[in-house]
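[1] Mind looking at a prediction? Sequence and model below.
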Amino acid sequence: MSSESDPIVVSGLGLWTPLAATREASWDALLTGRSAIRWLDSSRDFPEWGPAARGQWAGAPAAERPHRAVAATMAVAVVEEALHHARYQPSDLAEPERRRIGCVFGASKGSFDSLAPGFASSESGAPSRDDSLWSLAPSAPLDAILQRLRLGGPATCPVAACATGSLAILMGAQWIEQGRCDAVIVGSADAALHPGLLASYRRMGVTARIAEDPATAVRPFDRDRSGFLVGEGAAALVLERRSAAQSRGGAPLAAWDGGILVSDTAGMLSLEATGHTVRDAIARLNLRRPAAAEAGTTAMPVDLISLHGTATRENDSSEGRGLRAALGDSAASAAGFSLKGAIGHLLGGAGSVETAAAILALRDQIVPPTANLNVLDEECGFTNLSPQPLRRPLRSALKLSLGFGGHVCAIRFRRP
């Protein structure tokens, strides 16, 4: 059976954001355009750090934030929500079938909340908890998922900075295309609201200026943009063939339409200024799309773009110029959005959460708003963003993820 007649689909989604701890509540909140970014309270948000947390910090903590193992806790929760959404229960399957279920779940770093107890125990001489070292590994969320589900198929934790979540989705789809798995659980999580990391980003000069209210400080593609603030969150997707999802009575949310990973060597923090890397990535993705290969065409109409949109001066400009160059005349009809004004930059969790939003947009035929967009910067080249949600026909969605260090990932979905 061809990939076009039985495509890889997203049969379930799980979502945990700074706005809400579930998929539909997060989606409803995103459509309002409100922001979850706020001033952080050291006694509430960094209780384990004590004096080390002194200073004025802002960010977007995960809604209903757990006290410990934040990333791993969110990872397990979004995977279970995605599986329930897909009407898929791996524990009901025989062991040979469970070995055909893979898991690609990424994180850009380990859990910082395990550092402070480790330092405290080393100073006092008391033994540290058994799980403190495990939590430092980027694979801790993946490990927690595997322990909960007892899956027997291949599993891995990709690490690609801010492109981690999109890369996880790309790898999972490739495993199904290669015949390694019948289904793959994919996604990512990140929880990095800790003074050390926030101070590092501030020293890099990539964090937003805050005049008064942090909720209005992150302004993707706005003329007055100055940088991002960090948020926490996670998302998971269930990928499988459409026939398998429909055999359980499921309703696929979106069909996989290809992905690509390239690199940009302009610098650790910035893209090539003209946007050539973004343009070339989209052009190469165009040639690799399963639907295009089946139809014998390289045309790439796109209705919706989930932008990386960090709200930094240079990278928003590079991303917008690259998109405009890649899409040509069709750029005028493609709508875009960035979530970072609403939920902050989720770092390793950004790609999967922002992809989940694009898929829900395809489902509901609505373009999410770009929070804090007051005056669109036309110098960016791509200007089809709105501070309000827009209802319009959406057939296909492109997700761009641009990670520090030069990771550039583009993935695409279409209506099933």
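    Everything's here; your move.
[2] how about the helices in the stretch 1-150 of the chain?
    In the stretch 1-150 of the chain, the helices defined using DSSP state H, counting those that start in this stretch lie at 23-32, 42-45, 70-85, 95-98, 115-124, 132-135, 140-149.
[3] for those helices, which one ends up most surrounded?
    helix 70-85 (a mean of 25; mean count of other CB atoms under 10 Å). From N, CA and C alone the C-beta is placed, and that goes for glycine too.
[4] any idea where the strands of the stretch 251-400 of the chain begin and end?
    Per DSSP state E, counting those that start in this stretch, the stretch 251-400 of the chain carries strands over the ranges 254-263, 304-306, 335-337, 366-367, 390-391, 396-403.
[5] circling back to that earlier point, for the helices of the stretch 1-150 of the chain, which one sits closest to A283?
    Closest approach to A283 among the helices of the stretch 1-150 of the chain is made by helix 23-32 (30.1 Å; CB to CB).
[6] who does the closest one touch, helix- and strand-wise?
    Of the remaining helices and strands, those touching helix 23-32 by 3 or more CB pairs under 8 Å, 6 or more residues apart in numbering; DSSP states H and E are strand 8-16, helix 350-364.
[7] what about the stretch 151-300 of the chain, any weak spots by pLDDT?
    For the stretch 151-300 of the chain, the stretches flagged by pLDDT under 70 are 288-300.
[8] Could I get the strands of the stretch 251-400 of the chain in a markdown table, plus columns for mean neighbour count and distance to D224?
    Listed next are those as a markdown table, based on neighbours: other CB atoms under 10 Å; distance: least, CB to CB, whole Å:
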| stretch | mean neighbour count | distance to D224 |
| --- | --- | --- |
| strand 254-263 | 22 | 31 |
| strand 304-306 | 28 | 22 |
| strand 335-337 | 25 | 19 |
| strand 366-367 | 22 | 22 |
| strand 390-391 | 12 | 22 |
| strand 396-403 | 26 | 21 |
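[9] Compute the number of surrounding residues for G205.
    The number of residues packed near G205 is 11, by other CB atoms under 10 Å.
[10] Show the contacting residues for it.
    Under the criterion of CB atoms under 8 Å, 6 or more residues apart in numbering, the neighbours of G205 are G227.
[11] any idea how far L31 is from it?
    As for G205, its distance to L31 is 32 Å (criterion: CB to CB, to the nearest Å).
[12] got the contact list for the residue positioned nearest the centre of the chain?
    Central residue of the chain (CA atoms, centre = their mean): G351, 2.2 Å from the mean position. By CB under 8 Å, 6+ apart, G351 lies in contact with 162-169, 188, 399, 401, 409.
[13] In JSON lines, list the helices of the stretch 1-150 of the chain along with distance to A155.
    Formatted as JSON lines, the helices of the stretch 1-150 of the chain follow (distance: least, CB to CB, whole Å):
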{"stretch": "helix 23-32", "distance to A155": "23"}
{"stretch": "helix 42-45", "distance to A155": "31"}
{"stretch": "helix 70-85", "distance to A155": "12"}
{"stretch": "helix 95-98", "distance to A155": "12"}
{"stretch": "helix 115-124", "distance to A155": "25"}
{"stretch": "helix 132-135", "distance to A155": "16"}
{"stretch": "helix 140-149", "distance to A155": "6"}
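[14] mean pLDDT for those: which is lowest?
    Ranked by mean pLDDT, the helices of the stretch 1-150 of the chain end with helix 115-124 at the bottom, a mean of 51.
[15] roughly how far apart are D213 and T383?
    From D213 across to T383, the span is 26 Å (CB to CB).
[16] out of these two, which sits in the more crowded spot?
    Neighbour count, other CB under 10 Å: between D213 and T383, T383 has more, with 15 against 12.
[17] Could you pull up the residues touching the more buried one?
    Contact analysis of T383 by CB under 8 Å, 6+ apart lists 221, 320, 376.
[18] And the contacts of G351, which is closest to A144?
    Each of the contacts of G351 was scored against A144 by CB to CB, and S188 proved nearest at 13.2 Å.
[19] Using the three-state scheme, assign the nearest residue to V79 once chain neighbours are set aside.
    Nearest residue to V79, sequence neighbours excluded (CB to CB, 6 or more residues apart in numbering): A236, at 4.5 Å. Assigned by DSSP: H, G, I helix; E, B strand; the rest coil, the conformation of A236 is strand.
[20] For beta bridges, what are the partners of A236?
    Per DSSP bridges, residues listed as beta-bridge partners of A236: G14, G187.
[21] pretty sure F228 contacts G344?
    Yes. Shown here, F228 and G344 form a contact pair, counting by CB atoms under 8 Å, at 6.7 Å.
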